[in-house]
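1. below is the sequence, then the predicted model.
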Amino acid sequence: MAHSFELRTAADFHRALQVQVAEYQDDDLNSVMAVACALFAWHLVEWIRVEFFSSQELGTFRGDLVAKCPELEFMGNIANGTKHAVLSNKKKAVAHTSKANRSFDQTFDSTFNGGFRIHLQDGTEVPFGPCLETVAEFWDRYFQHQLGVDPEPPPDSSP
């Protein structure tokens, strides 16, 4: 992990994910931030495997984690689709992503029905923000309960 500047451990990489998530939450229509979150959320798998479970095969380890947090697969599809420009895996869960314009719904309450969307192969649609929060919370719990590493609190996003 000598190629990542100050990120040297899985805990460092987890903290970087927390920072990315906090920044995304402050600017949740920023596609660069959304992709950065997906990249950090997905590649944390590899950091954990190298540091804690190096004897396990990566594909099996990933599969076990996705079984515990299915939304992690969506982050993987976004990360790999971004990295490779296309996602050729025939078993991919994500068909494509989109950005909807923010608008009030038909009941005229304060609920927005815009933002980033993840369109799954089965035709369903998942809002990116809540999906990302689920994955971030999964990683927080995983560090604490599975690895015995207390995660640092998320960065304070107040000005």
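-> Nice, I can see it. Numbering: from 1, shown residues only.

2. what kind of secondary structure is His96 in?
-> strand (DSSP: H, G, I helix; E, B strand; the rest coil).

3. now do Lys99
-> From three-state DSSP, the assignment for Lys99 is strand.

4. for the protein, which helix is longest?
-> Scanning the chain for the longest helix, with DSSP state H as the assignment, gives helix 31-52.

5. give me the helices and strands touching the next helix or strand after that one, please.
-> Moving toward the C-terminus from helix 31-52, the first helix or strand encountered (DSSP states H and E) is helix 58-68. Helices and strands touching helix 58-68, as assessed by 3 or more CB pairs under 8 Å, 6 or more residues apart in numbering; DSSP states H and E, comprise helix 31-52, helix 71-84. C-betas here are computed from N, CA, C, even on glycine.

6. what do you get if the cut-off is 10 Å, keeping everything else the same?
-> When contacts are defined as 3 or more CB pairs under 10 Å, 6 or more residues apart in numbering; DSSP states H and E, helix 58-68 packs onto helix 31-52, helix 71-84, helix 128-141.

7. quick check: angle from the first one to strand 94-100?
-> Here helix 31-52 points in a direction 140 degrees away from that of strand 94-100 (axes from the mean of the first three to the mean of the last three CA atoms, to 10 degrees).
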